[in-house]
Structure formats: structure tokens, C-alpha cells
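Enquirer: output the structure for:
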Amino acid sequence: MRAIIVAAGMGRRLAPYTDDRPKCLVEVNGRSILERQLDAYRAAGVDDVVIVRGYRKEDIQIPGARYFDNDAFRENNILCSLFYAEAAMDDAFLFSYSDIVFRPEVVRTALDTPGDYSLVIDRRWHDAYVGRLNHPVEEGEVARVEDGRVTLVGKKTMPAAEATGEFIGLARFSKRAATQMRERFHARKAELAGQPYGRAPRFEVAYLTDLLNDLIAGGEVMRPAFIDGGWREIDTVEDLERAKSVVSW
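Expert: Numbers count the residues shown, from 1 in each chain. Purely as a prediction, here's the structure:
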């Protein structure tokens, strides 16, 4: 199984730690976020790694990894960044944001969940927001699950009270799903360049969740890979300090 890690952004909210390195190379208790991700992937049997680089791309050097470079990282966002690695989306793959750390069993849950689309969703998501001041709950990529299907996902898509959990930024897509994603992406890019897409003001700055919601609206079935903790997002300096007391994986 292949993993595609999108690690192109600047990580401004983690400054000054990101002044001299990409966000994924910021260390948590002596090991970088990226190193922790790779260890979790390997422990789950995933050793084909693709990384989308951007900010300070030359600093990301992982033996055996393949790279795709998003040199327009200042002008785009997660969705467009992922598609710089479109050549690696020719088969089933795992996807992850580069600012999360997670246990190997989180990866296994994504792999073991049936269906073409498997989105890892934390049911205990509120726990991580207790005392979290610089990344309020409104910024979480929450998800609604009904009858075993993810029916809506993303930031500010629903009141927090209506959310089943939080999409952590890790997912598995089958070969068929990858084909559907590529086809929809290019259709929307041709149709909506420079125009709003989902909750994004312009297609170019859309999130992955904007594409996922588009596919859901078109009838694609996305399954929740439920977890109860076992991961952390490190988006701000506050997140980094808090993670130091809980991250041991």
C-alpha cells in the first residue's frame, strides 16, 4: 500500500519553529512529525511513501521516498497540492496531512475498513479541544455519519453539536476511488477555475474535504474508520506544547 503525505504548506501558525524547517520536520519529544508518521505507516505494513513538498522542500529528504514538488504552495491549498502527486494516484493509496501524528493502529483501522473511501474519524474528538485556545473547535474538520456513511465533512460545515466526530486528515482510497477523485478534480478545475468550490472562495485554495463533499453529493459512498483518540494534530505552538505531554508513539 502506498501513502501520499501532503507536506507543502508553510505552517505559519507554528512559527518560530517553522522559520527554518517545514512543518512536518518540527520535533515532538525529539522526533519529527514526519518521522513519527513514517514509523506508524511502516508498523502497519505501509512502506511505499510519496511526499508532496513545497516550503523548504530541500529539507525533506527521506531514504526511499518519492517526491512531487508544489512550488506554487503559497497560492494553493491541500486539494491542489495533493494533485501534484496525481501520477502516484494510479492505484489504491493512503493520504495524510503532514501535521498529524498517530498510532499504527489508526492506520490499520483505515486499511481494514471496507469500501472505496475510508475516512478516519475520531469519536472522542472533543477531548483534544479541552483547553485548546488557539485552534478552536470551529476549525475542526468535523464529520457527520448517518447509516454507516459519511454524509458531510469539513470545517464549518455543521454545528459542533451535530458532528459524529472529527476527520483527522488520514484516509484510504481504493483504485476506483482514486479514479473518481481524479476525474471530478479535473472536471471542476476546468469548470470552476478562479471561482468558489465548496466552502473555498476559489477552487485553487480548496480543501480535500471540498472534493469529498462533492463526490458524496454525486452518490459516492464514504465509510467512517472510527477511532477513539490515538492521534494529535500539531497546527499551532500551543498544540506542540500540549502534544509533548501525551504523544509517546
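Enquirer: drop to CA atoms for contacts and neighbour counts, all remaining ones
Expert: Fine.
Enquirer: now find how far off-centre stretch 98-116 is within its chain.
Expert: Centroid separation for stretch 98-116 versus its chain: 11 Å, with Cα atoms, centre = their mean, to the nearest Å.
Enquirer: what comes up buried for that stretch?
Expert: Buried residues in stretch 98-116, counted by 16 or more other Cα atoms under 10 Å: 98-104, 106-111, 113, 116.
Enquirer: tell me the mean pLDDT over it?
Expert: The pLDDT scores in stretch 98-116 average 98.
Enquirer: endpoint to endpoint, that stretch covers what distance?
Expert: End-to-end span of stretch 98-116 (Cα to Cα, to the nearest Å): 23 Å.
Enquirer: just to revisit the earlier point, out of the buried residues of stretch 98-116, which sit inside strands?
Expert: 100, 101, 102 (DSSP state E).
Enquirer: three-state assignment of residue 87?
Expert: Recorded secondary structure, residue 87: helix (DSSP: H, G, I helix; E, B strand; the rest coil).
Enquirer: about what we covered before: just give me the closest of the buried residues of stretch 98-116 to residue 168.
Expert: Minimum distance to residue 168 across those is 7.8 Å, recorded for residue 100 (Cα to Cα).
Enquirer: hmm, that closest one is touching residue 239, no?
Expert: No. Under the criterion of Cα atoms under 8 Å, residue 100 is not in contact with residue 239, lying 10.6 Å apart.
Enquirer: who touches both of these two?
Expert: By Cα atoms under 8 Å, 6 or more residues apart in numbering, residue 100 and residue 239 have these common neighbours: residue 233.
Enquirer: now do the contacts for residue 47.
Expert: 1, 2, 3, 41.
Enquirer: how does it look with 10 Å?
Expert: Residues near residue 47 by Cα atoms under 10 Å, 6 or more residues apart in numbering: 1, 2, 3, 38, 39, 41, 64, 65.
Enquirer: same question for residue 184.
Expert: The contact partners of residue 184, taken as Cα under 10 Å, 6+ apart, are 178, 190, 211, 212, 214, 215, 218.
Enquirer: for the chain, longest helix please?
Expert: For the chain, the helix with the greatest residue count under DSSP state H is helix 175-192.
Enquirer: what mean pLDDT does the following helix or strand past it have?
Expert: Note on helix 175-192: by DSSP states H and E, the next helix or strand toward the C-terminus is helix 208-217. Averaged over helix 208-217, pLDDT sits at 98.
Enquirer: lowest-confidence helix or strand of the chain?
Expert: helix 125-129 (a mean of 93; mean pLDDT, DSSP states H and E).
Enquirer: for that one, packing partners?
Expert: Counting contacts by 3 or more Cα pairs under 10 Å, 6 or more residues apart in numbering; DSSP states H and E, helix 125-129 is packed against strand 165-173, strand 231-233, helix 237-243.
Enquirer: so which of the ones you listed gets nearest residue 56?
Expert: Closest among the helices and strands packed on helix 125-129, using Cα to Cα: helix 237-243, at 19.3 Å.
Enquirer: show me what that closest one is in contact with.
Expert: Contacts of helix 237-243 (Cα under 10 Å, 6+ apart): 12-17, 26-29, 101, 128-129, 131-135, 231-234, 236, 247.
Enquirer: cool, thanks, signing off.
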